[in-house]
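Peer 1: coordinates only, sequence not included:
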């Protein structure tokens, strides 16, 4: 085995010529946008951060394994030189992002100093470090025009302080893209010498970034190569550094944080439903102190000194905030669209009086509006803690009944609600993805009655239910990995036994049989479906596309009401 380095520019040349491919036994591309963004930020940072070593296998006279090209790369026209055994996700992310190959996703580099400042504060960046901010924008088609429309216009993107990451692609192809972009924005006063210099510097960072790799030579046997691949792909263990923060906090307060957590969860047992309650407590406490929920805040001596003083407010906020989340059908971390929703909601409830009437009603409206906009907009994608802190300062004043000015979370220009077409394209809520989970919760908020026993959804029976394909996999493509099958609007949360009885029947078949079995007829089943925002007539029509659109319109109507602070009837 030999250890070497190769620059991204050289890797791209090999990929383009079909000289490096993937053994076919490798799993398919699995990274989500956030991971792609993090990778690019490591590469563009100055000084750069490592992205890990790759593992390759030299191809001798014959390929040891059947192979395929990296996603988006040209098909090899001759025998390749290398098989990429480990590092597929990293190399695929680099190739697809820098060539603009992601469908439904456009990646930009921010040139906006204000956004950069937010990101630096969030990451607690070291002085002298240049860490460009990457933004991944989801795209969707509406009547032949890709949305959001501004992302199609080079001038408007530049006005927003963004440039396409494809301009940084190394080699002649990247230079051609840059020339075309400069022509498109040539009349804009924003195309300054400073911007051109910045792009040139970033292009240089990408092209010259060294990616280390270990290379197995061509004499390596098939079994040996496969064994090395398995070992390399199962040894990584995610690290969690927050225990250090907890230990330092307990030292600063002189009390046991674990005892305080136990006191809180005894009073509010449902708080445990939302993941790591210790993390949530630290975040809520920071907001109540008027500080951003960041590690830098927790490590500051003043945080420990103030922690006990906000503890009574924090407990009050958890009691009413968790109850509010339950009533809004956000029962646990499996259904939660955004982690910010929990700590922002609890912090906002902290100062609402116990038995307030008009004040409490106004607070509930404001908090509902904030909660659902946190779930449906991308306000809390990047720099979420800093943005939550900024919004909390305004929202807490509004909740107190005072004039606080505008809240960025409510800004429709920069944080618009998703259109009907975007709801149609939302993926499966079983994944930790904001929009599909928001859709699921919006349906459950209507009651989420089980199709068979008619029981309403609750925190206690949530885990006895399963995510069910309304149009079963077997009725559609038959492929469980098919993105079109795994849509959030094709999903309902029902009991295990009900799910098993559906099988591979068309909706009209299993709904008819359910109506007959219920002894209550069509009206009862219709009511149970409507409690998930499932349009009965569209479902039994067995037209998948028509059903998705009809349900999207139902969800969109409730979403709009919730994001105005109303409770849909």
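Peer 2: Structure's in. What do you need? Since the structure is predicted, the reported quantities are computational estimates derived from the model, not experimental observations. Numbering: from 1, shown residues only.
Peer 1: can we go C-alpha only for contacts and neighbour counts from here?
Peer 2: Noted.
Peer 1: tell me the mean pLDDT for stretch 440-456?
Peer 2: Averaging pLDDT along stretch 440-456 gives 91.
Peer 1: swap that for stretch 43-57, please
Peer 2: What stretch 43-57 shows for mean pLDDT is 94.
Peer 1: Need the outlier residue of the protein, farthest from its centre.
Peer 2: Ranking residues of the chain by C-alpha distance from their mean position (C-alpha atoms, centre = their mean) puts residue 61 at the top, at 44.2 Å.
Peer 1: On the pLDDT front, check it for me.
Peer 2: Confidence score, pLDDT, at residue 61: 89.
Peer 1: Same check on residue 27?
Peer 2: Looking at residue 27, its pLDDT stands at 69.
Peer 1: Helices along the stretch 351-500 of the chain, start to end?
Peer 2: All helices of the stretch 351-500 of the chain, identified by DSSP state H, counting those that start in this stretch, fall at 358-376, 384-399, 420-425, 434-444, 496-502.
Peer 1: Nearest to residue 69 among those helices would be which one?
Peer 2: Closest to residue 69 of the helices of the stretch 351-500 of the chain is helix 420-425 (C-alpha to C-alpha; 27.1 Å).
Peer 1: what comes up buried for the closest one?
Peer 2: By 16 or more other C-alpha atoms under 10 Å, the buried positions in helix 420-425 come out as 420-425.
Peer 1: any idea which of the residues you listed is closest to residue 545?
Peer 2: residue 424 (8.9 Å).
Peer 1: which ones are touching the closest residue to residue 477 other than its chain neighbours?
Peer 2: The shortest distance from residue 477 to any non-neighbouring residue, by C-alpha to C-alpha, 6 or more residues apart in numbering, is to residue 485 (7.3 Å). Counting by C-alpha atoms under 8 Å, 6 or more residues apart in numbering, residue 485 makes contact with 469, 471, 473, 476-477.
Peer 1: Any of those buried? List them.
Peer 2: By 16+ other C-alpha under 10 Å, these give 469, 471, 473 as buried.
Peer 1: Among the residues you listed, which lie within strands?
Peer 2: Counting by DSSP state E, the buried ones among the contacts of residue 485 place residue 469 in strands.
Peer 1: Kindly indicate which of the buried ones among the contacts of residue 485 lies nearest residue 208.
Peer 2: When the buried ones among the contacts of residue 485 are compared against residue 208 (criterion: C-alpha to C-alpha), the nearest one is residue 473, at 46.0 Å.
Peer 1: Does residue 110 touch residue 161 like I think?
Peer 2: Yes. Counting by C-alpha atoms under 8 Å, residue 161 is a contact partner of residue 110 at 5.6 Å.
Peer 1: neighbour-wise, which of those two wins?
Peer 2: The neighbour count for residue 110 versus residue 161, taken as other C-alpha atoms under 10 Å, is higher for residue 110 (21 against 18).
Peer 1: What's opposite that one in the beta bridge?
Peer 2: The partner list for residue 110 in beta bridges (DSSP bridges) reads residue 162.
Peer 1: Just the pLDDT for it.
Peer 2: On the pLDDT scale, residue 110 gets 95.
Peer 1: now it: how far from residue 58?
Peer 2: Distance, residue 110 to residue 58, using C-alpha to C-alpha, to the nearest Å: 39 Å.
Peer 1: Mind listing what's buried along stretch 445-456?
Peer 2: Buried residues in stretch 445-456, counted by 16+ other C-alpha under 10 Å: 445-452, 454, 456.
Peer 1: Kindly apply the preceding question to stretch 127-137 instead.
Peer 2: Within stretch 127-137, the residues that count as buried by 16+ other C-alpha under 10 Å are 131-136.
Peer 1: List just the nearest of the residues you listed to residue 561.
Peer 2: Each of the buried residues of stretch 127-137 was scored against residue 561 by C-alpha to C-alpha, and residue 136 proved nearest at 27.7 Å.
Peer 1: bridging residues for that closest one?
Peer 2: Applying DSSP bridges, one finds that residue 136 bridges with residue 107.
Peer 1: Isn't it up against residue 107?
Peer 2: Yes. Contact criterion C-alpha under 8 Å: residue 136 and residue 107 qualify, at 4.4 Å.
Peer 1: just for the stretch 51-200 of the chain, where's the confidence low?
Peer 2: For the stretch 51-200 of the chain, residues meeting the criterion pLDDT under 70 lie at 120, 123-125.
Peer 1: which residues in it form strands?
Peer 2: Under the criterion DSSP state E, counting those that start in this stretch, strands of the stretch 51-200 of the chain are mapped to 54-58, 67-68, 82-86, 105-110, 134-138, 140-142, 145-147, 162-164.
Peer 1: okay, the angle between the first one and strand 82-86?
Peer 2: So the one you mean is strand 54-58. For strand 54-58 against strand 82-86, the angle by axes from the mean of the first three to the mean of the last three C-alpha atoms, to 10 degrees is 150 degrees.
Peer 1: Partner strands of strand 54-58 and their direction?
Peer 2: Here, using DSSP bridges, strand 54-58 pairs with strand 82-86 (antiparallel), strand 210-216 (parallel).
Peer 1: Which residues does the longest one contact?
Peer 2: What that stands for is strand 210-216. 1-8, 50-58, 225.
Peer 1: Please, a ChimeraX command that selects the buried ones among those?
Peer 2: Of the contacts of strand 210-216, the buried ones can be selected in ChimeraX as follows, counting by 16+ other C-alpha under 10 Å:
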select :8,51,53,54,55,56,57,58,225
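Peer 1: Can you name every helix or strand that the longest helix along the chain contacts?
Peer 2: The helix that spans the most residues within the chain, counting by DSSP state H, is helix 301-327. Counting contacts by 3 or more C-alpha pairs under 8 Å, 6 or more residues apart in numbering; DSSP states H and E, helix 301-327 is packed against helix 242-253, helix 277-288, helix 340-349.
Peer 1: how about that helix: buried residues?
Peer 2: Residues of helix 301-327 classed as buried: 303-304, 306-308, 310-311, 313-326 (neighbour count, 16+ other C-alpha under 10 Å).
Peer 1: mean confidence score for that helix?
Peer 2: In this model, helix 301-327 carries a mean pLDDT of 91.
Peer 1: Measure how far that helix is from the centre of its chain, please.
Peer 2: How far helix 301-327 lies from its chain's middle: 26 Å, per C-alpha atoms, centre = their mean, to the nearest Å.
Peer 1: Also stretch 30-45?
Peer 2: That offset, for stretch 30-45, works out to 13 Å (C-alpha atoms, centre = their mean).
Peer 1: neighbouring contacts of that stretch?
Peer 2: With C-alpha under 8 Å, 6+ apart, stretch 30-45 has contacts from 48-51, 89-90, 93-94, 97, 129-136, 202, 205-206, 209.
Peer 1: Just the ones in helices from these, please.
Peer 2: The helices, defined by DSSP H, take in 89-90, 93-94, 97, 202, 205-206 from the contacts of stretch 30-45.
Peer 1: Sort out which one of those residues lies nearest residue 410 for me.
Peer 2: residue 97 (30.5 Å).
Peer 1: Contacts only, for that closest one.
Peer 2: Residue 97 makes contacts with 36, 107, 165-166, as judged by C-alpha under 8 Å, 6+ apart.
Peer 1: same check, this time on residue 132
Peer 2: Neighbouring residues of residue 132 by C-alpha under 8 Å, 6+ apart: 41, 44-45, 109-111, 116.
Peer 1: returning to that earlier point: is it possible to get a markdown table of the strands paired with strand 54-58 that adds distance to residue 550 and mean neighbour count?
Peer 2: Below are the strands paired with strand 54-58 laid out as a markdown table (distance: least, C-alpha to C-alpha, whole Å; neighbours: other C-alpha atoms under 10 Å):
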| stretch | distance to residue 550 | mean neighbour count |
| --- | --- | --- |
| strand 82-86 | 44 | 24 |
| strand 210-216 | 49 | 19 |
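Peer 1: Make CSV from those and add distance to residue 278 to it.
Peer 2: Converted to CSV, the strands paired with strand 54-58 look like this (distance: least, C-alpha to C-alpha, whole Å):
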stretch, distance to residue 278
strand 82-86, 36
strand 210-216, 38
